[in-house]
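>>> give me the fold of what follows.
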Amino acid sequence: MDIASIVFLIIVLGIIFYVVGIYNHLVTLKNRYINAFSQIEVQLKRRYDLIPNLVETAKGYMKHERETLEAVINARNAASSILKSAAADPASALAIGELAGAEGVLHQAMGKLNVVMEAYPDLKANENMMQLSEELTTTENRVAFSRQAFNDSVTAYNTYRQTFPPIFFAARFGHPEDATLLEFEDSPEIQAAPKISF
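Below is the predicted model:
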């Protein structure tokens with residue numbers, strides 16, 4: 001084997017290792033954002049589990065607010081169902097968009113519930129309600145942190161995928177589209193964790 005053949009073989013092997021490195025890095029970044037979504041899923045499930053307890057506690061005090069309580073439960077059930085779809089495919093822009101919309105509806109329903117509960121001082125003083133409120137607020141903060149971690153992972157994936165030369169290989173390696181950020185509506189009551197005061 002002459003020197004030219006050895007140099008050519010080294011160049012070919014170098015290119016192959018470089019392309020394999022691109023593939024592996026795309027897979028690593030995709031797995032990171034999928035794992036980050038699973039953390040959102042855990043926190044949202046926790047919140048969805050707390051909401052029925054909150055509504056049950058409020059029912060005893062808010063007998064005339066049935067419509068508000070039902071709106072919260074319906075929004076919670078819809079969001080929970082959509083979360084299952086999004087968890088099955090966190091790479092789907094449609095699923096992430098639907099989850100963001102469902103979360104917006106749930107936040108609005110919870111906001112209305114909080115406004116209505118202000119008229120019930122006995123409910124605000126209830127020990128179970130105060131404990132549920134604290135757990136819900138803590139969970140909302142965890143959802144916000146998890147969502148930020150997910151969006152950071154998605155941004156890292158998208159940035160790498162869009163750079164040169166990975167952009168030429170991404171579609172061939174099964175990464176045809178950018179991942180979608182999980183963004184809630186831009187209204188202040190949606191972006192911030194709900195302030196629940198009982």
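
>>> check what pLDDT residue 27 gets.
Model confidence at residue 27, expressed as pLDDT, equals 96.

>>> tell me where this structure is predicted with low confidence.
Where the chain drops to pLDDT under 70, the residues are 185-198.

>>> let's see that with 80 instead.
Within the chain, the segments meeting pLDDT under 80 span 1, 63-64, 124, 184-198.

>>> against which helices or strands is the helix ranked longest in it packed?
Longest among the helix segments of the chain by residue count, using DSSP state H, is helix 3-59. Contacts defined by 3 or more CB pairs under 8 Å, 6 or more residues apart in numbering; DSSP states H and E place helix 3-59 against helix 66-88, helix 93-117, helix 127-162, helix 166-170. Using the backbone N, CA and C atoms, a C-beta is placed for each residue, glycine as well.

>>> need those helices in a markdown table with distance to residue 37, can you?
Listed next are the helices and strands packed on helix 3-59 as a markdown table, based on distance: least, CB to CB, whole Å:
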| stretch | distance to residue 37 |
| --- | --- |
| helix 66-88 | 7 |
| helix 93-117 | 8 |
| helix 127-162 | 5 |
| helix 166-170 | 20 |
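
>>> for those helices, which one ends up most surrounded?
Here the criterion is mean neighbour count by mean count of other CB atoms under 10 Å, and of the helices and strands packed on helix 3-59 the winner is helix 93-117, at a mean of 19.

>>> picking up where we left off before, for residue 34, find the nearest of the helices and strands packed on helix 3-59.
helix 127-162 (8.4 Å; CB to CB).

>>> quick check: angle from the closest one to helix 3-59?
Counting by axes from the mean of the first three to the mean of the last three CA atoms, to 10 degrees, helix 127-162 lies at 160 degrees to helix 3-59.

>>> could you say what helices and strands helix 127-162 packs with?
helix 3-59, helix 166-170.

>>> for the shortest one, packing partners?
Packing partners of helix 166-170 (3+ CB pairs under 8 Å, 6+ apart): helix 3-59, helix 127-162.

>>> out of the ones you listed, nearest to residue 93?
Residue 93 lies closest to helix 127-162 among these, at 10.8 Å (CB to CB).

>>> ok, now how distant is the residue nearest to residue 117 when sequence neighbours are not counted from residue 61?
Excluding its sequence neighbours, the residue lying closest to residue 117 (CB to CB, 6 or more residues apart in numbering) is residue 123, at 5.7 Å. Taking CB to CB, to the nearest Å as the measure, residue 123 and residue 61 are separated by 4 Å.

>>> which of the two has more neighbours?
Regarding residue 123 and residue 61, a neighbour count based on other CB atoms under 10 Å identifies residue 123 as having more, with 20 against 16.

>>> dump the helices and strands packed on helix 166-170 to JSON lines, plus distance to residue 72.
Listed next are those as JSON lines, based on distance: least, CB to CB, whole Å:
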{"stretch": "helix 3-59", "distance to residue 72": "6"}
{"stretch": "helix 127-162", "distance to residue 72": "12"}
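
>>> out of those helices, flag the one nearest residue 66.
Closest among the helices and strands packed on helix 166-170, using CB to CB: helix 3-59, at 8.4 Å.
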